[in-house]
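1. coords below, sequence missing:
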């Protein structure tokens, strides 16, 4: 990690910025998607969100759990559990000064796998498609973590 | 992104550090708030948390779902889904060397909107107050992401 | 924060990279642990995950909530709520140029407390062991946030 100051200004760091931003934007898309399903299914979590809904009786019925909404929420949760580790470890990895081509391979594999993961999850495509997309992302992050630990280990 | 090394040492980065820390502290406040509601409502998720609770029968009854506790937990979850993207994209944004006044506007709008969002959510104030607070935060983050992608795009 | 550029290249930053990576890897371990409990208990959240399960009737029964799976998921959620603030505030803290020994004390206390927290939570050990592990992590993060705010305050 001797060259960090110079590396920050590098193409690897720009590539990291680009891919991290893209995959975070993808994650943020899950909020409007949840809202879309809530509005079309008329399923809400908060009483104040049903104010448009007519009588008190009708509004109470809208406070329930819907499988489609829950599916999108699980997908969002899986993003939080996997994309945030990628961003943290990817930032540290970018600062270890990896080859640009190796770094791009990691960033592209991870971001691609998460876009595929979302499509597979929301459309409920058959397994093991979701498992594979998840595994590609996991292995990519572990590979970057391995480089961070072998380059910068200081316990 | 040519000037990153110099920018890190700048007022923009100090401003980012300040606002990111404040909004993360706000998010962390949701844990004690959840505990407060759990203790005052005597509603728990884990059997071992009810050890003070007398008979086994009484303790079992404490393992349930309470609407007030769930509201605080949803607010916490919404923080995770929105504040973490702000921190990641805000860090990269701070490194693109924006004007101090523009950067401050983004950071203040976002952090302000999230404090308002929490008050509105926990007190269950009528819509569209929560939606508006959420939208201000979302648009601020998107605006920063736009600058990161137009300044540092490297695919 | 005058010395940031030099600090990035320092032992404090390498120590932060090491401990942040280790604690993020610990957090990522919760996903396979959840899968392990789902597979051994035959409890799933998605219909497509039960494809191995024989008749449609049998498969439907696998879509349910299991206390052991939920316990691991709550532990994972608690990690998200606490480890991510540590990573964000820890990064900013490392850039304020603290003493190496002070920084190591913070990083070791936090990471140690979270490993203990996981063991205590998953094995359902009696309270207040989980509360203590949680509090150590919380106080460590607050102490780092205090230094960031007193060093870099720029509102």
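-> Received, thanks. Source: prediction; values computed, not measured.
2. Apart from its chain neighbours, what residue comes closest to the residue nearest the centre of chain A?
-> The centre of chain A sits closest to residue A:79, judged by Cα atoms, centre = their mean, with a distance of 3.3 Å. The shortest distance from residue A:79 to any non-neighbouring residue, by Cβ to Cβ, 6 or more residues apart in numbering or on different chains, is to residue A:27 (4.3 Å). C-betas here are computed from N, CA, C, even on glycine.
3. In contact with that neighbour, which residues?
-> Each residue near residue A:27 by Cβ atoms under 8 Å, 6 or more residues apart in numbering or on different chains is listed here: A:76, A:79, A:80, A:83, B:81, B:85.
4. try 7 Å this time
-> Residue A:27 makes contact with A:79, A:83, B:85 under the criterion Cβ atoms under 7 Å, 6 or more residues apart in numbering or on different chains.
5. The helix or strand encompassing the last one relative to helix C:67-94, how many degrees between them?
-> According to DSSP states H and E, residue B:85 maps onto helix B:67-94. Taking axes from the mean of the first three to the mean of the last three Cα atoms, to 10 degrees, one finds that helix B:67-94 is oriented at 40 degrees with respect to helix C:67-94.
6. Who's the closest spatial neighbour of the closest residue to chain B within chain A, skipping the chain neighbours?
-> For chain A, the residue positioned closest to chain B under Cβ to the nearest Cβ is residue A:14, at a distance of 4.0 Å. Nearest residue to residue A:14, sequence neighbours excluded (Cβ to Cβ, 6+ apart): residue B:154, at 4.0 Å.
7. tell me which element that neighbour is part of?
-> Take DSSP H and E as the rule and residue B:154 turns out to sit in neither a helix nor a strand.
8. Now do the same contact list for it.
-> For residue B:154, the contacting residues are A:11, A:14, A:15, A:18, taking Cβ under 7 Å, 6+ apart as the criterion.
9. just checking, the second one touches residue B:150?
-> No: Residue A:14 is beyond contact range of residue B:150, at 12.0 Å (criterion: Cβ atoms under 7 Å).
10. more neighbours, the two?
-> Set side by side, residue A:14 and residue B:150 show more neighbours around residue A:14, with 24 against 9, by other Cβ atoms under 10 Å in any protein chain shown.
11. secondary structure class for the residue lying closest to residue A:68 once chain neighbours are set aside?
-> Closest residue to residue A:68 in three dimensions, ignoring its sequence neighbours and counting by Cβ to Cβ, 6+ apart: residue A:37, at 5.2 Å. Remark: residue A:37 carries the secondary structure label helix [criterion: DSSP: H, G, I helix; E, B strand; the rest coil].
12. okay, now residue A:37: neighbour count?
-> A count of nearby residues for residue A:37, using other Cβ under 10 Å, gives 19.
13. List the contacts of it.
-> By Cβ under 7 Å, 6+ apart, the contact set of residue A:37 is A:68, A:69, A:72.
14. Look up the pLDDT of it for me, please.
-> Looking at residue A:37, its pLDDT stands at 91.
15. gap between it and residue C:148?
-> As for residue A:37, its distance to residue C:148 is 39 Å (criterion: Cβ to Cβ, to the nearest Å).
16. Next: residue A:118.
-> Residue A:118 sits 34 Å away from residue C:148 when distances are taken as Cβ to Cβ.
17. which secondary structure element contains the closest residue to residue A:91 other than its chain neighbours?
-> The shortest distance from residue A:91 to any residue other than its chain neighbours is 6.6 Å, reached at residue A:16 (Cβ to Cβ, 6+ apart). With elements taken from DSSP H and E, the one containing residue A:16 is helix A:11-28.
18. Now do that helix against helix A:67-94, angle only.
-> 170 degrees.
19. In helix A:11-28, which residues are buried?
-> Residues of helix A:11-28 classed as buried: A:12-28 (neighbour count, 16 or more other Cβ atoms under 10 Å in any protein chain shown).
20. Could you tell me the average pLDDT over it, please?
-> Taken as a whole, helix A:11-28 has an average pLDDT of 95.
21. starting at the chain centroid, how far to that helix?
-> Using Cα atoms, centre = their mean, to the nearest Å, the distance from the centre of helix A:11-28 to the centre of the chain it belongs to is 11 Å.
22. what about stretch A:19-35, distance to the chain center?
-> Averaging C-alpha coordinates over stretch A:19-35 and over its chain gives two centres that are 7 Å apart (Cα atoms, centre = their mean).
23. Spell out which residues of chain A are next to chain C.
-> By Cβ under 7 Å from any Cβ of the partner chain, the residues of chain A that approach chain C are A:1, A:4-5, A:74, A:80-81, A:84-85, A:88-89, A:92, A:124, A:126-127, A:145, A:148-149, A:152-155.
24. Show the buried residues in those residues.
-> Neighbour counting by 16+ other Cβ under 10 Å classes A:1, A:4-5, A:80-81, A:84-85, A:88-89, A:92, A:145, A:148-149, A:152, A:154 among those as buried.
25. The nearest residue to residue A:63 once chain neighbours are set aside: neighbour count?
-> Of all residues beyond its chain neighbours, the one nearest residue A:63 is residue A:44 (5.9 Å), with distances taken as Cβ to Cβ, 6+ apart. Other residues near residue A:44 number 19, with proximity taken as other Cβ under 10 Å.
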